[in-house]
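[1] Structure, please.
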Amino acid sequence: MTTFSNIIAFQQLFVFLQIIIASFCLLFSNDVLSKDIDVEYKIKAAYLYNFTKFVYWPPKNTLTFNICLIGHDSFGNIINPIEQKMVQGKKIQLFRYANLSQSFEHCYIIYFSLLATIKVRPDKNFKDILTIGEHDSFIHQGGMIRLFKNNNHIKFQINKQLIEKNGLEISAKLLELADIIEGNHE
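    Next comes the predicted model:
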């Protein structure tokens, strides 16, 4: 009888340990996931800043270099230190918008979040504005640069033809690092 009792006790201990391990994983999985997302968006913020060094815009009559974030703001406070940087002799300023209902002529860069259900429409005037997004179909919907995660690395695609069509110039150094998507896709 002691063998049967030992088996039952062992099974109960095993189930109890599984519950403890599962609870531990659930308790800390959000923190780990949150840290992964923080790292991902820190890298994406660095990309945004570094793109400013390798893309050339025609002069704009603005006092600041404006980066506009559209849709759900996945960056949160992570991107705020970028406002301490200078580009083309202008201090960077961030603008956050829920949608495309206003004019964006003051923007140098428009960043569309992954959760933005916004299609980059040809009827919007994005002349002299670099559009960057995260969605799988962003480039094929008229976007210029798409940031995406691949094997735990952040990579990017560039629609060179569309960038040039919109009055921007892009450095050959940046093109060497990107996956180039051919075609207009508008």
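[2] Start and end of stretch 68-76, how far apart?
    13 Å (CA to CA, to the nearest Å).
[3] How about it, which residues are buried there?
    68-71, 73-75 (16 or more other CB atoms under 10 Å). To be clear about C-beta, it is placed using only N, CA and C from the backbone, and glycine gets the same treatment.
[4] partners of the strand or helix carrying Tyr111 in the sheet?
    For Tyr111, the element it lies in under DSSP states H and E is strand 107-112. If you go by DSSP bridges, strand 107-112 pairs up with strand 65-70 (parallel), strand 130-133 (parallel).
[5] With pLDDT and distance to Leu100 as added columns, please give the buried residues of stretch 68-76 in JSON lines.
    Output for these, formatted as JSON lines (pLDDT from 0 to 100; distance: CB to CB, whole Å):
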{"residue": "Cys68", "pLDDT": "94", "distance to Leu100": "10"}
{"residue": "Leu69", "pLDDT": "94", "distance to Leu100": "12"}
{"residue": "Ile70", "pLDDT": "89", "distance to Leu100": "7"}
{"residue": "Gly71", "pLDDT": "86", "distance to Leu100": "9"}
{"residue": "Asp73", "pLDDT": "84", "distance to Leu100": "15"}
{"residue": "Ser74", "pLDDT": "85", "distance to Leu100": "17"}
{"residue": "Phe75", "pLDDT": "90", "distance to Leu100": "18"}
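[6] Closest one to Ile129 out of those residues, please.
    For the buried residues of stretch 68-76, the minimum distance to Ile129 (CB to CB) is 8.5 Å, reached by Cys68.
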